[in-house]
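Q: Predicted coordinates and the sequence they were generated for:
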Amino acid sequence: MKFNSNYSTIVLACVFLLILSSFSHEAIASEWAKTYGGSYEDQARSIQQTTDGGYIVAGWTESFGAVGRDILIIKLDKDGTLQWQRRYGGSEQDRAYSIQQTNDGGYIVAGESSSFSADRTTEMWILKLRPNGDIDWQKCYSQPIEFAHEGAYSARQTSDGGYIIAGWANSPGGYSDILVMKLTSDGSISWQKVIGKQPDGIYSHDPHDDVAYSIEQTSDGGYIVGATTTVPGHTWYPVPWIIKLDPNGVVQWNEEFPFHSYTNYKKFAIRQTYDGGFIYVATLYNSIAQEDALVIKLNAEGGPEWIKKYTGNNIDIINDIKQTNDGGYVLAGGSNSFSGTIASELWLLKISSTGDIQWQKQYGDAHHNCVGLAVQQASDGDYIVAGMSTSADFWVLKLDSNGSIPDCPIGSSANAEPQAMLATGHSNSLRAWAHTVEPSDSSATVASPNINLVEQCSYYPVNYGLTVTVNPAEGGTITGTGINCPGDCSETLEEGTSVTLTAFPSDGYQFTGWNGDCEDCDGSTCITTMDSDKNCTALFEPLPNEPPVIDSFNAYPVSGEAPLAVTFTCEATDPDGMIDAYGWDFDGDGIIDETSDSGTVQQTYDEPGTYHSTCTAVDNDGATTTSDAVAITVQTTIQPVWQDVTGRLDVTHSTRPLFDRRHRCFFVQVTVQNPDEESLSGPIRMVITQPSIPLKKEVGVGLEPDGYTKDGDPYFVIVPEDGSLDAGQELRNLRVNFQLQRKRLTYGIRIEQLQEQPSGEMPE
């Protein structure tokens with residue numbers, strides 16, 4: 001039987017081998033394939049992983065008492081078990097093409113219905129569901145004219161909490177244009193635009209059919225639309241068409257790609273990529289009735305980066321594409337090129353970011369038609385695929401990262417070849433008309449059908465438990481796959497899983513090794529393979545206390561006369577703690593004389609001598625470090641003393657006093673000579689001892705007293721402090737004046753030199 005790409009006339013009777021698991025019902029299958037359906041055709045068109053790790057699937061059913069077709073939505077947990085199922089419909093044809101989980105945990109569904117219009121024409125049908133599948137609100141959107149048709153193929157929640165809807169609308173003339181609607185969160189219309197090449201809008205009879213199958217909000221707040229348009233002279237079959245809108249629905253750019261082969265079947269998808277560009281998929285139908293998968297990669301401005309088709313020897317179609325975590329893409333569709341029969345099988349491809357095939361698989365029994373209609377990479381890196389099975393039921397497959405279900409007979413390799421294609425995008429002169437589509441409340445019947453679930457294949461991996469322990473508990477942490485201990489110290493892992501455990505010591509501890517099933521590991525990182533239940537212990541021990549470090553120890557001044565006040569400054573750090581105190585040994589006897597919290601103290605030395613002072617730093621663990629000693633030299637106090645040096649000098653003076661009539665005084669003249677071979681340094685003074693007549697107070701000539709000794713004798717500095725009386729030198733005629741009195745003048749002369757002598761050693 002020829003593979004019919006609209007899937008509405010496929011006769012399905014495939015029977016799959018049911019693999020019964022030997023595991024308990026509580027075991028969780030990591031990969032599986034299951035069908036969900038009734039007695040008639042049931043087709044899944046959209047799937048998304050939900051925030052709880054399960055899946056939401058939407059499509060339509062002819063089973064369960066449906067009149068015509070009804071929307072069918074099922075909610076699955078992560079291993080494919082039904083959590084709830086709902087049928088929504090009226091008295092005619094109702095279909096769902098798109099479902100997405102919304103921010104509130106509910107769902108937005110886009111489709112079409114002919115159940116609620118007065119003339120039984122098709123209308124856009126949008127349903128907002130609650131998390132349990134109950135209807136929050138439902139609305140039909142249609143033109144206010146008879147015999148007009150509308151349909152919605154894609155709905156996405158927007159960043160403002162509303163929704164963007166894409167589909168088509170046509171007039172009684174039969175030709176369609178793209179219809180894009182922006183809805184509020186309650187389904188009210190914010191704006192609506194009809195986009196097409198017809199010059200007068202949707203009511204023109206210009207023969208162009210323009211349909212939007214996919215829409216997404218882009219990173220700039222606008223929208224990207226994946227669509228098709230018919231091209232005159234191109235046999236009037238649709239060709240790929242990509243349109244970029246701004247946030248208000250105004251066309252920014254559009255690119256049309258007419259190939260020599262023409263596009264067929266109403267299933268096209270477009271996604272924005274991580275680099276800001278876009279990826280578009282469709283199906284090409286060539287002149288010898290073959291169909292090939294088409295992928296177009298565009299940059300952010302709509303220019304083609306690469307175009308490739310993927311072909312076997314017969315019919316190879318692609319219905320959906322999603323970008324994967326590695327920057328590549330996963331594609332889902334159907335093919336009969338590899339089965340050796342005319343029956344189509346579900347076809348899954350994984351390609352790189354540049355379109356090279358990394359792997360491809362097909363699923364089916366080579367006797368009955370199957371197809372993949374939606375695909376997504378799951379949070380665990382596996383892939384979830386939805387479509388229609390050989391039994392004409394919803395078909396959901398959870399595949400591993402290589403596209404396989406271990407030990408399952410329904411999958412096999414495919415060998416499509418990629419071929420680069422050359423094409424130039426053509427821009428059209430477009431208009432986006434404001435349009436009048438009116439919402440109306442619909443009244444769908446909601447039922448929970450008794451769905452027949454068939455488990456075709458399930459892979460229940462052998463799992464082992466990994467338990468880790470930190471010893472002592474405060475000594476550190478262990479991290480690894482599913483491990484963050486303390487806290488989460490156990491994990492169940494599939495057989496053959498390689499686990500890297502890393503031990504991190506806490507402050508004040510060091511890692512010493514592994515024990516238990518990891519005892520053969522060296523270093524803080526241990527790699528172990530799960531081939532049995534395993535217990536691993538990371539061993540830690542307290543770090544040996546590091547003593548303080550004396551960074552500097554200084555004293556000022558380090559020498560001087562007693563009493564000598566010295567300021568000591570000690571700077572210290574502790575590598576593994578803090579400095580608690582400083583101990584000071586001021587005299588070097590090994591005994592701490594004083595302790596302080598700060599590193600600065602002052603000590604006064606009263607006795608002369610040399611002292612070797614040290615600083616001892618004490619850390620918070622009691623460890624100590626003592627500095628090198630600093631020498632403090634305290635000197636004896638020196639006093640200047642006048643010493644008599646008359647015996648070393650020759651002193652001559654007048655034999656009798658002389659009379660100075662003019663100045664009316666007596667005077668004598670003294671000569672001092674140094675007969676030694678050594679000089680005498682100043683200051684040197686001449687003292688007049690016990691004069692019988694006082695000195696003249698007002699001196700006109702001669703010497704004036706420089707002061708008086710403690711005994712009251714006047715003295716004269718005859719050699720200044722910075723001078724000297726050299727060997728053999730003499731000082732002549734040193735005149736000393738006395739008052740004029742009728743009295744005999746008597747006196748003595750003593751010559752003294754100022755010298756430094758230890759205190760208490762004054763000469764007699």
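A: Done, it's in.

Q: Tell me how many other residues crowd residue 691.
A: Neighbour count of residue 691, defined by other Cβ atoms under 10 Å: 16. C-betas here are computed from N, CA, C, even on glycine.

Q: which residues touch the residue nearest to it when sequence neighbours are not counted?
A: The shortest distance from residue 691 to any non-neighbouring residue, by Cβ to Cβ, 6 or more residues apart in numbering, is to residue 747 (4.1 Å). Shown in contact with residue 747 (Cβ atoms under 8 Å, 6 or more residues apart in numbering): 668, 688-692.

Q: For residue 664, give me the backbone phi and psi.
A: phi 50, psi 60 (degrees, to the nearest 10).

Q: How many residues are close by it?
A: Using other Cβ under 10 Å, residue 664 has 12 neighbouring residues.

Q: again, but for residue 673
A: Count around residue 673 with other Cβ under 10 Å applied: 15.

Q: which element is the residue of the chain positioned farthest from its centre on?
A: Distance from the C-alpha centroid of the chain, by Cα atoms, centre = their mean, peaks at residue 742 (113.4 Å). For residue 742, there is no host helix or strand (DSSP states H and E).

Q: mind checking pLDDT for it?
A: We have a pLDDT of 88 for residue 742.

Q: Would you mind measuring from it to residue 657?
A: 13 Å (Cβ to Cβ, to the nearest Å).

Q: Then residue 389?
A: Distance, residue 389 to residue 657, using Cβ to Cβ: 152 Å.

Q: need the helices for the stretch 101-250 of the chain, in chain order.
A: In the stretch 101-250 of the chain, no segments count as helices under DSSP state H, counting those that start in this stretch.

Q: An error on my part: the question was meant for the stretch 251-400 of the chain.
A: Here the stretch 251-400 of the chain has no helices by DSSP H, counting those that start in this stretch.

Q: Show me where it dips below the pLDDT cut-off.
A: Of all residues in the stretch 251-400 of the chain, those with pLDDT under 70 make up the ranges 259-267, 286-289, 337-343, 365-369, 390-391.

Q: can you map out the strands along it?
A: 251-256, 262-263, 269-272, 278-285, 291-298, 304-311, 316-323, 329-335, 345-351, 357-363, 371-377, 383-388, 394-399 (DSSP state E, counting those that start in this stretch).

Q: so which of those strands comes closest to residue 214?
A: strand 269-272 (4.8 Å; Cβ to Cβ).

Q: Report the buried residues of stretch 489-501.
A: For stretch 489-501, burial by neighbour count (16 or more other Cβ atoms under 10 Å) applies to 491, 493, 497, 499, 501.

Q: and what of stretch 634-653?
A: Buried-residue list, stretch 634-653, by 16+ other Cβ under 10 Å: 634, 641-642, 645-646, 649, 651, 653.

Q: what does stretch 665-679 give?
A: The neighbour-count check on stretch 665-679 (16+ other Cβ under 10 Å) flags 665-668, 670, 672, 674 as buried.

Q: Likewise for stretch 743-759?
A: Buried, per 16+ other Cβ under 10 Å, within stretch 743-759: 747, 749-754.

Q: Let me know the closest of these to residue 90.
A: Of all the buried residues of stretch 743-759, residue 754 has the smallest distance to residue 90: 130.6 Å, by Cβ to Cβ.

Q: pretty sure residue 142 contacts residue 118?
A: No. Using Cβ atoms under 8 Å, residue 142 is not in contact with residue 118; the gap is 9.8 Å.

Q: In JSON lines: the buried residues of stretch 743-759, plus pLDDT and secondary structure.
A: Below are the buried residues of stretch 743-759 laid out as JSON lines (pLDDT from 0 to 100; DSSP: H, G, I helix; E, B strand; the rest coil):
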{"residue": "747", "pLDDT": "91", "secondary structure": "coil"}
{"residue": "749", "pLDDT": "93", "secondary structure": "strand"}
{"residue": "750", "pLDDT": "94", "secondary structure": "strand"}
{"residue": "751", "pLDDT": "94", "secondary structure": "strand"}
{"residue": "752", "pLDDT": "93", "secondary structure": "strand"}
{"residue": "753", "pLDDT": "92", "secondary structure": "strand"}
{"residue": "754", "pLDDT": "88", "secondary structure": "strand"}
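
Q: Among those, find me the one that's closest to residue 458.
A: Using Cβ to Cβ, residue 754 is the member of the buried residues of stretch 743-759 that lies nearest residue 458, at 116.1 Å.

Q: count of residues packed around the closest residue to residue 623 other than its chain neighbours?
A: Closest residue to residue 623 apart from its sequence neighbours, by Cβ to Cβ, 6+ apart: residue 547 at 4.2 Å. Using other Cβ under 10 Å, residue 547 has 20 other residues around it.

Q: what does the one 3 residues further on give?
A: Counted with other Cβ under 10 Å, residues neighbouring residue 550 total 19.

Q: likewise residue 525?
A: If we define neighbours as other Cβ under 10 Å, then residue 525 has 12 of them.

Q: cool, and residue 633?
A: Residue 633: 14 surrounding residues under other Cβ under 10 Å.

Q: Wait, it touches residue 558, no?
A: Yes. Between residue 633 and residue 558 there is a contact at 6.8 Å, judged by Cβ under 8 Å.

Q: Let's have the contacts of residue 747 in JSON lines, adding distance to residue 393, secondary structure and pLDDT.
A: JSON lines is the format used below for the contacts of residue 747 (distance: Cβ to Cβ, whole Å; DSSP: H, G, I helix; E, B strand; the rest coil; pLDDT from 0 to 100):
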{"residue": "668", "distance to residue 393": "149", "secondary structure": "strand", "pLDDT": "93"}
{"residue": "688", "distance to residue 393": "142", "secondary structure": "strand", "pLDDT": "94"}
{"residue": "689", "distance to residue 393": "142", "secondary structure": "strand", "pLDDT": "93"}
{"residue": "690", "distance to residue 393": "145", "secondary structure": "coil", "pLDDT": "91"}
{"residue": "691", "distance to residue 393": "146", "secondary structure": "coil", "pLDDT": "92"}
{"residue": "692", "distance to residue 393": "151", "secondary structure": "coil", "pLDDT": "91"}
